[in-house]
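Asks: Have a look at this prediction, sequence included:
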Amino acid sequence: MGIWEQMDEGFLNRLGAEFKFEPPRRKGYDTVETIRAMDAGKVKAFVSLGGNFLSATPDTDVVARGLGKCSLTAFIATKLNRNHLVTGATSVILPCLGRTEIDVQAAGPQFTTVEDTLGVVSSSRGVLAPVSEDVKSEVAIVAGIATATVSGKGEVHWMNFHDYDQIRDRASRVVAGFENFNERVRVPGGFYAPVAAKQRQFATATGKANFTVNPIRQLQLAADQYLMMTIRSHDQFNTTIYGLDDRYRGIHGGRRVIFMNRDDIAEAGLKDRQLVNLTSHFQGERRTARDFSVIPYDIPRRCTATYYPETNPLVALGSVAEISNTPASKSIVISIEPVPQVAGVR
């Protein structure tokens, strides 16, 4: 809660008052800026609280290079992933409890909270025995790091947060809309987070949601180019791949595929299941991902689709939305070339 590189003044003021310190006011790095800063040698330590930064972000080769320039990379994770193979000068992996595992601290059994896609905040309790008695919770790991590094430099007693109710009590006084957090989250069904669309309260001159009309920029493709978007499969959650099948699109046993319009396939002289290499084009830069199988699909002409994160290496770091700085993973200009046949091999 409050994890953003540019929190508003109200939040920072409440945070400072609650913990009796002066929060930093200057803007931090978003994801794209973090990658640029790592590659420029401006980031000394990278701490990952879950997730797979390497696979989830654009321009995979640049991300890997940036991680390698860090003095320290630390990964707090429930399972191993590819990011753990790309490290800084010193790297540690700190295994932690998963949300489905029972979490018992010195204060007794604990529960965390989750927010669903409708903005409903509810409690989450693990039911499975921990994989090991030595595995700590995320809270215990973070509190332990803080105790070892900043204990005595303020009025926060970090080890008290092993009682998660104390975290929620603090959050209730810092995060707008989460007053009486502990009481409300214990009500069956939880409660709605303060989402503007749900409350119909908007910080505009009219107090209403204001819609704008933005012209669609004309995209000029060369004769041999296509527009590629990245998508997810059925057996996938974020960068976690549970299986190699996609029942949504009739794909079985593999994910390294590119969906193309049948007429485009014929016009390009390609065939169903033929192996091809993909090259992205952005401001004179070229990036190539190899060995993708062509799949005929009901998709508009000159448009293609591939799975994420397999084609993240094709997404240029500089190809972002103007305001949000979000990588343009749904609008990648590519060209397609058949994989060269090796002489004597059929």
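Replies: Okay, I see it.
Asks: for this protein, which strand is longest?
Replies: strand 285-296 (DSSP state E).
Asks: I'd like the distance from that strand to the chain centre, please.
Replies: The chain centre lies 23 Å from the centre of strand 285-296; the measure is Cα atoms, centre = their mean, to the nearest Å.
Asks: And the next helix or strand past it?
Replies: Later in the chain than strand 285-296, the nearest helix or strand by DSSP states H and E is strand 303-307.
Asks: which is the next helix or strand following that next one?
Replies: Using DSSP H and E, the helix or strand that follows strand 303-307 towards the C-terminus is strand 332-338.
Asks: Walk me through which strands that next one pairs with, and which way each runs.
Replies: In the sheet, strand 332-338 lines up against strand 225-231 (antiparallel), strand 275-282 (antiparallel) (DSSP bridges).
Asks: and those strands as a markdown table, adding mean neighbour count and mean pLDDT?
Replies: Every C-beta, even on glycine, is put in place using the N, C-alpha and C of the backbone. A markdown table is the format used below for the strands paired with strand 332-338 (neighbours: other Cβ atoms under 10 Å; pLDDT from 0 to 100):
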| stretch | mean neighbour count | mean pLDDT |
| --- | --- | --- |
| strand 225-231 | 19 | 97 |
| strand 275-282 | 19 | 98 |
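Asks: between these, which gets nearest to Ser48?
Replies: strand 225-231 (21.6 Å; Cβ to Cβ).
Asks: List the contacts of that closest one.
Replies: For strand 225-231, contacts defined as Cβ atoms under 8 Å, 6 or more residues apart in numbering pick out 219, 221, 258, 260, 264, 278, 280-281, 302-309, 311-312, 314-315, 329-336.
Asks: redo that, cut-off 6 Å
Replies: 302-306, 308, 311, 329-330, 332-335 (Cβ atoms under 6 Å, 6 or more residues apart in numbering).
Asks: all helices for the stretch 101-250 of the chain, in order.
Replies: 138-150, 164-174, 181-185, 196-199 (DSSP state H, counting those that start in this stretch).
Asks: Which one of the ones you listed lies nearest to Thr212?
Replies: helix 196-199 (16.1 Å).
Asks: what mean pLDDT does that closest one have?
Replies: Over the span of helix 196-199, the pLDDT mean works out to 77.
Asks: Quickly note the distance from Leu85 to Ser91.
Replies: To Ser91, Leu85 is 10 Å away according to Cβ to Cβ, to the nearest Å.
Asks: Out of those two, name the residue with the larger neighbour count.
Replies: Ser91 (16 against 10; other Cβ atoms under 10 Å).
Asks: Find the nearest non-adjacent residue to the more buried one, please.
Replies: Of all residues not flanking Ser91 in the chain, Thr73 sits nearest, at 4.5 Å (Cβ to Cβ, 6 or more residues apart in numbering).
Asks: tell me what whatever helix or strand the one you found lives in is packed against?
Replies: Assessed by DSSP H and E, Thr73 sits inside strand 72-77. If contacts are counted by 3 or more Cβ pairs under 6 Å, 6 or more residues apart in numbering; DSSP states H and E, strand 72-77 sits against strand 45-49, strand 90-95.
Asks: Kindly recompute the last result at 8 Å.
Replies: Judged by 3 or more Cβ pairs under 8 Å, 6 or more residues apart in numbering; DSSP states H and E, strand 72-77 is in contact with strand 45-49, strand 90-95, helix 138-150.
Asks: now for those, which one comes closest to Tyr164?
Replies: Set against Tyr164 and scored by Cβ to Cβ, these come closest in helix 138-150, at 6.5 Å.
Asks: thinking again about what came up before, and the contacts of strand 225-231 as TSV, adding distance to Ala268 and pLDDT?
Replies: Below are the contacts of strand 225-231 laid out as TSV (distance: Cβ to Cβ, whole Å; pLDDT from 0 to 100):
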residue	distance to Ala268	pLDDT
Arg302	11	97
Cys303	14	98
Thr304	11	98
Ala305	16	98
Thr306	16	98
Tyr308	23	95
Thr311	18	97
Ser329	23	95
Lys330	22	95
Ile332	17	97
Val333	15	98
Ile334	12	98
Ser335	10	98
